[in-house]
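# Output the structure for:
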Amino acid sequence: MQTTNTVRREPLLIYDGDCRFCIFWASYWQRLTGPRVTYAPYQEVAAQYPEIPLAAFQRAVQYVAPDGKIASGAEASLLTLSHASGKGFWLMLYRHLPGFAAIAELVYASVASHRYALYRPSLWLWGRDYEPPRFDLVSWLFLRVIGLIYLAAFVSFGVQALGLVGSHGILPLSEFTGAVRDQFGSERYWWFPMVFWLDQSDFAIQATCWAGAALSLLLIFNILPPFKFVFSLCAISVDLLCRSNFYRLSMGHTFARIWLPRAFSERGDTTRPMAASLSAIPLHVSFGFGQTSERRPDVG
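Predicted structure coming up:
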């Protein structure tokens with residue numbers, strides 16, 4: 001990697017402006033990276049970099065880092081893609097996996113030497129205006145599915161909550177929280193993060209269940225997005241108590257942890273806080289309650 005004396009605020013990718021294949025992929029990469037990378041044809045900026053031979057511009061793309069370092073070929077391509085969400089692992093493989101860099105440079109050289117012939121196949125395969133994949137439909141679908149899952153769990157548990165964990169239920173909530181408090185001390189907030197530490201009354205149990213059901217409906221119909229974080233807190237609390245709905249709530253956690261971070265990685269809307277909060281729900285919370293209730297004689 002060479003070094004120039006020019007210092008930029010963003011990295012610059014320089015490509016061949018006379019090559020339609022190069023323009024096609026530079027345009028796609030620009031959609032991927034957004035304003036994090038600047039793009040320019042060498043025909044316009046070559047004079048600013050006299051240390052780069054004209055033949056190098058014509059042979060391969062050139063990546064100019066903010067500190068003035070220059071890379072070309074496959075390394076330049078992967079450095080550019082590292083600024084796109086979820087694409088940084090290719091650069092990691094290039095730098096750390098033995099043999100990967102050599103193979104990448106050979107593949108790049110082969111493609112570059114046939115780039116004029118590859119323009120038409122690129123249009124046939126990806127279309128003239130190739131757009132990065134979007135997750136709008138997927139995120140919409142999974143939000144609705146998660147809302148339905150939690151709505152079913154909240155309602156079904158709400159109608160039997162007092163008989164199970166009420167003050168006169170099979171496993172009173174106050175006894176459970178007392179046993180957990182005695183065994184875990186201040187760590188109980190980490191192992192059992194729930195709103196019921198504030199209140200263990202029958203009213204609090206019912207209010208949490210039906211508030212969760214209401215917030216599930218808001219999530220399903222995409223109403224009042226700021227309340228989605230509150231919804232996730234209610235979900236954690238009921239999940240800790242809901243033995244009969246364990247699989248449904250765990251399914252909701254699985255959807256949230258696996259799909260939502262991916263689905264919202266390219267989006268900057270108001271659903272991101274909800275995705276982050278749900279994806280942070282630890283799956284061991286459900287198992288923790290199950291194991292604690294099964295070993296209840298030992299918890300005291």
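# Report the contact partners of Q62.
By C-beta atoms under 8 Å, 6 or more residues apart in numbering, Q62 lies in contact with L13, I14, Y42, Y49, I52, A56, I70, A71, S72, A76. In this view, the C-beta of every residue, glycine as well, is placed from N, C-alpha and C.
# again with A161
Applying C-beta under 8 Å, 6+ apart, one finds that A161 lies in contact with G169, I205, Q206, C209, L241.
# Now do the phi/psi pair for it.
The phi and psi values for A161, taken as degrees, to the nearest 10, are phi -60, psi -50.
# Show the pLDDT at it.
Confidence at A161, expressed as pLDDT, is 85.
# Please report the distance of it from L106.
64 Å (C-beta to C-beta, to the nearest Å).
# Tell me which residues of the helix or strand hosting T208 come out buried.
Using DSSP states H and E, T208 sits within helix 202-220. Within helix 202-220, the residues scored as buried using 16 or more other C-beta atoms under 10 Å are 202, 205, 208-209, 211-213, 215-220.
# again with stretch 190-200
Applying 16+ other C-beta under 10 Å to stretch 190-200 flags W191, F192, P193, M194, V195, F196, Q200 as buried.
# Turn those residues into CSV, including distance to L81, pLDDT and secondary structure.
As requested, those are exported to CSV (distance: C-beta to C-beta, whole Å; pLDDT from 0 to 100; DSSP: H, G, I helix; E, B strand; the rest coil):
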residue, distance to L81, pLDDT, secondary structure
W191, 40, 81, helix
F192, 42, 79, coil
P193, 37, 75, coil
M194, 42, 77, coil
V195, 43, 77, helix
F196, 47, 82, helix
Q200, 52, 88, coil
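# Dump those residues into JSON lines; add distance to I23 as well.
Shown next, in JSON lines, are those (distance: C-beta to C-beta, whole Å):
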{"residue": "W191", "distance to I23": "56"}
{"residue": "F192", "distance to I23": "57"}
{"residue": "P193", "distance to I23": "51"}
{"residue": "M194", "distance to I23": "55"}
{"residue": "V195", "distance to I23": "55"}
{"residue": "F196", "distance to I23": "59"}
{"residue": "Q200", "distance to I23": "65"}
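# Identify the residues contacting the helix or strand hosting A56?
Element membership for A56 (DSSP H and E) is helix 54-59. For helix 54-59, contacts defined as C-beta under 8 Å, 6+ apart pick out I14, D16, Y42, A46, Q62, S72, A112.
# Then stretch 31-40?
8, 10-15, 26, 29-30, 80-81, 83-85, 87, 131-132.
# repeat that with 7 Å
Contact with stretch 31-40 is made by 10-15, 26, 30, 80-81, 83-84, 131-132, as judged by C-beta atoms under 7 Å, 6 or more residues apart in numbering.
# how far out from the middle of the chain is it?
21 Å (C-alpha atoms, centre = their mean, to the nearest Å).
# Now E44. Nearest residue, chain neighbours left out?
Closest residue to E44 apart from its sequence neighbours, by C-beta to C-beta, 6 or more residues apart in numbering: G17 at 7.0 Å.
# thought that neighbour was touching A46?
No - between G17 and A46 there is no contact under C-beta atoms under 7 Å: 10.1 Å.
# what about A76, distance to G166?
With C-beta to C-beta as the criterion, A76 and G166 are 65 Å apart.
# Comparing the two, which shows the higher neighbour count?
Legend: neighbour count by other C-beta atoms under 10 Å for A76 and G166, higher for A76 (23 against 19).
# which one is that one nearest to, not counting chain neighbours?
Y63 (3.5 Å).
# what about that neighbour, which SS state?
Under the three-state scheme (DSSP: H, G, I helix; E, B strand; the rest coil), Y63 adopts strand.
# try L171
coil.
# per-domain residue ranges of the chain.
Domain assignment of the chain by automatic domain parsing yields the ranges 2-126, 136-299.
# what's near enough to touch I14?
A40, Y42, V45, F57, V61, Q62, V64.
# Mind giving me the ChimeraX command for buried ones among those residues?
A single ChimeraX command suffices to select whichever of those are buried according to 16+ other C-beta under 10 Å:
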select :40,42,45,57,61,62,64
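# Contact partners for the nearest residue to A104 once chain neighbours are set aside?
Nearest non-adjacent residue to A104, counting by C-beta to C-beta, 6+ apart: A74, 4.0 Å away. By C-beta under 7 Å, 6+ apart, the residues touching A74 are A104, E105, Y108.
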